[in-house]
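**Q** the following block contains a protein sequence and its predicted model.
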Amino acid sequence: MDPASLAWRIAQLAEKYVVEQTGSANPPVAADDVALERPKKAEFGDWATSIALKLAGPLGASPRDIATALQPRLEAIDDIARVDIAGPGFLNITLDTSRLGQTAAQILQAGETYGHSDGLAGTTVNLEFVSANPTGPLHIGHTRWAALGDSLARVLRAAGADVAAEFYINDQGSQMDLFGESVLAAALGQDPPEDAYQGAYIAELGKAVAEEFPTLAEMSHDEALVCVRESAYHRQLGAIRTSLEEFNVHFDVWFSERQLHVMSTPEGLSLVDRSVERLREQGHVFDEDGAVWVRTTDFGDDKDRVIRRANGAYTYFAADAAYYLSKKDRGFDLTIYLLGADHHGYVHRLKAIAGAAGDDPAVDIEVLIGQLVSVNGAKLSKRAGNIIELDDLREWLGTDALRYSLGRSPADSPLTLEPDVLLSKTNDNPVFYVQYAHARTHQVARNAEAAGVTGEPFDPATLSHATEAELLTALADFPRVVAHAAELREPHRVARYLEDLSGSYHRWYDACRVTPKGDDPIGPEHHARVVLNNATGQVLRNGLGLLGVSAPERM
RNA sequence: GCCCUCGUAGCUCAGCGGAUAGAGCAGAAGACUUCUAAUCUUUUGGUCGCAGGUUCGAUUCCUGCCGAGGGCGCCA
């Protein structure tokens, strides 16, 4: 029995007990209240629930008494072999191994879809991340969000959500002009403008556009600037796309900020024009000192924001508002932004836009803030001039090691990359630990096939070793881990799970042979074990896939 | 000054209000004529930054303080 069903069954029994005691199902008992968890110690059984502790308050009874009353009722469930009461009132559940083994066959049947659930089915999600200016290469500051955002998109999809991963291209404004001027100067061999973009990539872009436009020197400055800026923009955006693809990061929508500024209505208005009107219709806009303001303080912002300056020009905030309205108009149920800690000042503003647009800032929009990454303890910043580019980082450490190490910590946890560790092929490098476990499942499968261990007939009752119960319980937990990761927007939970699962697998491998030794005969346990082995490989593969990490068959 | 995030073993980090706070590495001791030893087994190591509060129960929730990082524009 899978943990979700088990939790539901326990909740049913507990609620029945509450009704008997109090005459009503108040409070009702939900599966979440069961708090089914895998105990930290093997002697505590396969699953533990603190339901008796949780009911103690409402029922006014001691947790131990409630646990004593529930114990025989839980033991009556077919898949449960034994229930022990421990500590202050925990119910420690040991499953019937002969039934537990069925999990392995079920996993092979589900294949790539094992781990999928329907908790978010019917929910459409817009997930925006990276969203770098197309004026330079992606650097380490974008790398964590790229890894995290892509994994989150995969996890949300596994939970049934319909996700659009979106990259917002800031291709409008003075930074683009400065970028164009910088490349133009490089192309013509002139002195760079003040505060120019610098670096080898500017020189390369300059060379490329000089070849593309041989008559550049004869054009007027304005004409040349437009040619160079647009060409360099598309070249740079292409480079960003390539970097992300090689990092296994996929975007469904590349949204150009320019779409917001062009006239797109019959009245000759842009989406930005319309956004001001729409917010005004909702009653959150006012005029003061010649400027147009949004009363964002209505929604928790620390000050109101100007959306249109006294000189008639829109602020960047106007584009943000128009962009949010675009997402709203495209019909998403939930809009998620992934921002670095250096942008956390925008959180209130973004939420205020949602509120001003008539949405619920607490429900319809989520802003995830992530801490920055350091390498070997050195803080990286543009000011310090020690920025590392994504491409260099990837070539140095490899996509797998980089994706995995960035994906195994929660976003709000400060993270230090240690290149020495990531390049090592030992146990202290978790990605190798997990990938090695997967490769081992394939080696074992190859050996089993060669020896005639086919997996048929499959008798789950022979999977009776302690390490087999541990492994099977871990495998059964995978769908719940993925669903939980999606619900909390924390894909790192999948990585941590895979490390635990790999440990369980290695311990099992150490204790139980799949292919008989020497000339020993093939028994029913060997057939069952190859099924368990292959099921483990499937789950490791599915989990690594959610993290955008490859699952090699040989290492 | 105000706001946000973080503070857990020597190091890198987990920990949905529950049991004696965990993992890997590092340190110590073991296991390869046997399916991949990139593995496994045993072991050393903690005032969960500090102080209060809520709770039957707090590393977890709330408040204050200390420390680290980041942010505060009619810039983009």
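**A** Noted; the coordinates are in hand.
**Q** for residue A:152, which non-adjacent residue is spatially closest?
**A** Distance criterion CB to CB, 6 or more residues apart in numbering; nearest residue to residue A:152, sequence neighbours excluded, is residue A:491 at 5.1 Å. (Each C-beta comes from the backbone N, C-alpha and C, glycine too.)
**Q** for the residue nearest in space to the middle of chain A, give me the pLDDT.
**A** By CA atoms, centre = their mean, chain A has its centre lying nearest to residue A:152, at 2.0 Å. We have a pLDDT of 96 for residue A:152.
**Q** show the contacting residues for it.
**A** A:127, A:336, A:338, A:489, A:491 (CB atoms under 8 Å, 6 or more residues apart in numbering).
**Q** element containing it, please.
**A** According to DSSP states H and E, residue A:152 maps onto helix A:140-158.
**Q** could you list the buried residues of that helix?
**A** Buried residues in helix A:140-158, counted by 16 or more other CB atoms under 10 Å: A:140-158.
**Q** cool, and stretch A:288-302?
**A** Here stretch A:288-302 shows A:292-296, A:299, A:301 as buried, counting by 16+ other CB under 10 Å.
**Q** what's the mean pLDDT across it?
**A** pLDDT averaged over stretch A:288-302 gives 87.
**Q** residues making contact with whatever helix or strand comes next after the helix holding residue A:152?
**A** Sequence order places strand A:162-169 as the next helix or strand after helix A:140-158, per DSSP H and E. For strand A:162-169, the surrounding residues in contact (CB under 8 Å, 6+ apart) are A:122-131, A:134, A:149-150, A:153, A:156-157, A:237, A:250-257, A:323, A:332.
**Q** ends of stretch A:12-30, what's the gap?
**A** 8 Å (CA to CA, to the nearest Å).
**Q** that one vs RNA strand B: in contact?
**A** No: judged by CB under 7 Å from any atom of the strand, stretch A:12-30 stays clear of RNA strand B, getting no closer than 11.5 Å.
**Q** buried stuff in that stretch?
**A** Buried-residue list, stretch A:12-30, by 16+ other CB under 10 Å: A:13-15, A:17-18, A:29.
**Q** and the two most separated of these?
**A** A:13 and A:18 (9.9 Å; CB to CB).
**Q** ok, so of the buried residues of stretch A:288-302, who is nearest residue A:470?
**A** Distances from residue A:470 to those, taken by CB to CB, are shortest for residue A:299, at 48.9 Å.
**Q** which residues touch the closest one?
**A** A:348, A:351-352, A:354-356, A:361 are the contacts of residue A:299 under CB under 8 Å, 6+ apart.
**Q** measure the residue of the stretch 101-250 of chain A found nearest RNA strand B to residue A:432 for me?
**A** Nearest to RNA strand B, among the residues of the stretch 101-250 of chain A, is residue A:173, at 2.0 Å (CB to the nearest atom of the strand). Taking CB to CB, to the nearest Å as the measure, residue A:173 falls 44 Å from residue A:432.
**Q** neighbour count for the two, which is higher?
**A** residue A:432 (19 against 14; other CB atoms under 10 Å).
**Q** count the neighbours of residue A:467 for me.
**A** Residues near residue A:467, counting by other CB under 10 Å, number 18.
**Q** so which helix or strand takes in the nearest residue to residue A:323 once chain neighbours are set aside?
**A** Spatial nearest neighbour of residue A:323, chain neighbours left out: residue A:260 (6.1 Å); criterion: CB to CB, 6+ apart. According to DSSP H and E, residue A:260 maps onto helix A:258-261.
**Q** quick check: mean pLDDT of that helix?
**A** 94.
**Q** name the helices or strands packed onto that helix?
**A** Applying 3 or more CB pairs under 8 Å, 6 or more residues apart in numbering; DSSP states H and E, one finds that helix A:258-261 contacts helix A:271-281, helix A:316-329.
**Q** now it: buried residues?
**A** In helix A:258-261, counting by 16+ other CB under 10 Å, buried: A:259-261.
**Q** what's the next secondary structure element after the lowest-mean-pLDDT helix or strand in chain A?
**A** Least confident helix or strand, chain A: strand A:378-379 with a mean of 52, by mean pLDDT, DSSP states H and E. The helix or strand immediately downstream of strand A:378-379 is helix A:390-397, counting by DSSP H and E.
**Q** in CSV: the buried residues of stretch A:288-302, plus distance to residue A:539.
**A** Shown next, in CSV, are those (distance: CB to CB, whole Å):
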residue, distance to residue A:539
A:292, 55
A:293, 54
A:294, 48
A:295, 51
A:296, 46
A:299, 43
A:301, 45
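**Q** of those residues, which is the nearest to RNA strand B?
**A** residue A:293 (8.0 Å).
**Q** would the strand or helix carrying the closest one count as contacting RNA strand B?
**A** In the assignment (DSSP H and E), residue A:293 maps to strand A:291-294. Yes: part of strand A:291-294 sits near RNA strand B under the criterion CB under 7 Å from any atom of the strand, namely residue A:291.
**Q** direction included, what does that strand pair against?
**A** strand A:285-288 (antiparallel), strand A:305-308 (antiparallel) (DSSP bridges).
**Q** most tightly packed of those?
**A** strand A:305-308 (a mean of 21; mean count of other CB atoms under 10 Å).
**Q** for it, output the C-alpha coordinates as CSV.
**A** Taking C-alpha atoms only, strand A:305-308 is exported to CSV below (Å, rounded to 0.1, in the frame of the first residue of the first chain):
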residue,chain,number,x,y,z
ARG,A,305,5.1,53.9,-6.7
VAL,A,306,5.1,56.2,-9.7
ILE,A,307,4.0,54.4,-12.8
ARG,A,308,4.1,57.4,-15.2
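**Q** what about the residue lying closest to residue A:400 once chain neighbours are set aside, distance to RNA strand B?
**A** Closest residue in space to residue A:400, ignoring its immediate chain neighbours: residue A:549 at 4.9 Å, by CB to CB, 6+ apart. Residue A:549 sits 13 Å away from RNA strand B, going by CB to the nearest atom of the strand, to the nearest Å.
**Q** over to residue A:347?
**A** In terms of CB to the nearest atom of the strand, residue A:347 sits 7 Å off from RNA strand B.
**Q** surely that residue touches residue A:369?
**A** Yes: contact criterion CB atoms under 8 Å: residue A:347 and residue A:369 qualify, at 6.8 Å.
**Q** common neighbours of those two, please.
**A** Joint contacts of residue A:347 and residue A:369 (CB under 8 Å, 6+ apart) are residue A:339.
**Q** restricted to helices, list the buried residues of stretch A:12-30.
**A** When the buried residues of stretch A:12-30 are checked against helices (DSSP state H), the matches are A:13-15, A:17-18.
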